[in-house]
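A.B. asks: I'd like to go over a predicted model; first the sequence, then the structure.
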Amino acid sequence: MARLAYVNGRFVPHNQAFVHIEDRGFQFADAVYEVIVVIDGHLIDEIGHLDRLERSLAELRIAAPVSRRVLAILLRELVSRNGVALGTVYLQISRGVAPRDFHFPVGVKSSLVITTTRVNQRFTSPEKLEAGVSVITIPDIRWLRRDIKTVNLLAQVLGKQQAGEQGAAEAWQVDGDGFVTEGCSSNAWIVTRDGVLVTRQATNLILNGVTRLSLIRLAAAQGIPFEARPFTVNEAYQAREAFLSSASTFVLPITAIDGHPVDGGKPGPLCRALRQSYLDYAVKEGRSALTVAV
Ligand code: PDD
């Protein structure tokens, strides 16, 4: 079965799916996106992702190309046509195609592109989960509207590349006062020596991860002590546990930060428990999605 993509109203073979050279996503990174995980053919945390998409569009004053209901149908249709049981669905909306000019074009329809990926068996190998991953820290050089999920990801491309070249899975970005903002494509968490779960509060300085929000809810339901506040790199070095969260990694244990082992260099119990809670929630959510009529 040929892999398909959805581009502005049509399902087309993935290798023939193109956008125009004057698409504003291409010219100005004038576009927003979402990545949603698919488990058993169901979209995980779909409501959170579509809520955030609408918020990103509103903040940039980009008109939605289709209604939320139609978008939900298109996402499912592509997932189904591509036979994605486990994988991701990526969607991108740009301000549309117009001659290159900084001002918003008038009377131009926004562009919608949807693609899927398939994952064999699992997103993260058991070996990786057992060993945990390492992160490095880098200065946060991004603009100040990180709460909008735009395709302007150059700082993150550079950060991830640097991490990879140093044998790390992620780079934690650090603000001018020494506080961690977030990873290049994930939110950053620690568990303090007193057992308090900490992640930075959602402001314009970080992307409010949908996985992050679900984890906060799950932790609250279990009575886990939690603080939404910034933490320094030094506090992270001394933490009892550290981990990252994102749609496709769920919860991933961090066992070294800048080469400092995190508490013995083994994934911690709270991280493991939260990962399991999230997966249980995701599977349940996937099943209940069966009953949601779109
Ligand atoms: N990245 N922070 C940043 C900067 C991100 O790019 C992401 C997600 C997150 C986590 O958000 P969520 O839990 O909603 O996935 C935090 C996606 C997965 C990506 O760009 O591929």
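C.D. replies: Thanks, I have it. Residues are numbered from 1 along each chain as shown.
A.B. asks: now the helices: where do they sit in the stretch 1-150 of the chain?
C.D. replies: Assigned by DSSP state H, counting those that start in this stretch, the stretch 1-150 of the chain shows helices spanning 24-28, 46-60, 68-81, 126-131.
A.B. asks: Which among the ones you listed is found nearest to the ligand?
C.D. replies: Across the helices of the stretch 1-150 of the chain, the ligand has its closest neighbour in helix 46-60 (6.7 Å, Cβ to the nearest ligand atom). C-beta: built from backbone N, CA, C; applies to glycine.
A.B. asks: and that closest one, does that touch the ligand?
C.D. replies: No. If you take Cβ under 6 Å from any ligand atom as the test, helix 46-60 misses the ligand, and the best it gets is 6.7 Å.
A.B. asks: Which positions within that helix qualify as buried?
C.D. replies: Neighbour counts over helix 46-60 (16 or more other Cβ atoms under 10 Å) mark 46, 48-50, 52-53, 56-57, 60 as buried.
A.B. asks: Rebuild the residues you listed as a markdown table, extending it with pLDDT and distance to Glu182.
C.D. replies: What follows is the buried residues of helix 46-60, written out as a markdown table (pLDDT from 0 to 100; distance: Cβ to Cβ, whole Å):
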| residue | pLDDT | distance to Glu182 |
| --- | --- | --- |
| Glu46 | 97 | 22 |
| Gly48 | 98 | 17 |
| His49 | 98 | 17 |
| Leu50 | 98 | 21 |
| Arg52 | 98 | 15 |
| Leu53 | 98 | 19 |
| Ser56 | 99 | 16 |
| Leu57 | 98 | 21 |
| Leu60 | 98 | 20 |
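A.B. asks: rewinding a little: for the helices of the stretch 1-150 of the chain, give me TSV that also has distance to Pro230.
C.D. replies: Shown next, in TSV, are the helices of the stretch 1-150 of the chain (distance: least, Cβ to Cβ, whole Å):
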stretch	distance to Pro230
helix 24-28	31
helix 46-60	21
helix 68-81	33
helix 126-131	27
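A.B. asks: between the buried residues of helix 46-60, which is nearest Val180?
C.D. replies: Arg52 (21.3 Å; Cβ to Cβ).
A.B. asks: Would you check how far apart Ile114 and Ser277 are?
C.D. replies: 29 Å (Cβ to Cβ, to the nearest Å).
A.B. asks: now the chain, which segments are flagged as low pLDDT?
C.D. replies: The chain contains residues with pLDDT under 70 at 288-294.
A.B. asks: can you list the residues of it near the ligand?
C.D. replies: For the chain, the residues in contact with the ligand (Cβ under 6 Å from any ligand atom) are 35, 182, 185-187, 207, 209-212, 245-248.
A.B. asks: go with 8 Å
C.D. replies: Counting by Cβ under 8 Å from any ligand atom, the residues of the chain close to the ligand are 33-35, 45, 48-49, 52, 90, 146, 149, 153, 156, 182-187, 206-213, 245-249.
A.B. asks: Which of those residues fall within strands?
C.D. replies: When the residues of the chain next to the ligand are checked against strands (DSSP state E), the matches are 33-35, 90, 182-183, 187, 245-246.
A.B. asks: Tally up the residues packed near the residue in the stretch 51-200 of the chain that the ligand sits nearest to, please.
C.D. replies: The stretch 51-200 of the chain approaches the ligand most closely through Ser185 (3.9 Å), counting by Cβ to the nearest ligand atom. Look at Ser185: counted by other Cβ atoms under 10 Å, it has 20 neighbours.
A.B. asks: and the angle from the lengthiest helix in the chain to helix 46-60?
C.D. replies: In the chain, taking DSSP state H as the definition, the longest helix is helix 269-289. Calculated by axes from the mean of the first three to the mean of the last three Cα atoms, to 10 degrees, helix 269-289 forms an angle of 90 degrees with helix 46-60.
A.B. asks: For Arg193, which non-adjacent residue is closest in space?
C.D. replies: Of all residues not flanking Arg193 in the chain, Arg240 sits nearest, at 5.6 Å (Cβ to Cβ, 6 or more residues apart in numbering).
A.B. asks: Contact partners for that neighbour?
C.D. replies: Contacts for Arg240 (Cβ atoms under 8 Å, 6 or more residues apart in numbering) come out as 190-193, 195, 263, 268.
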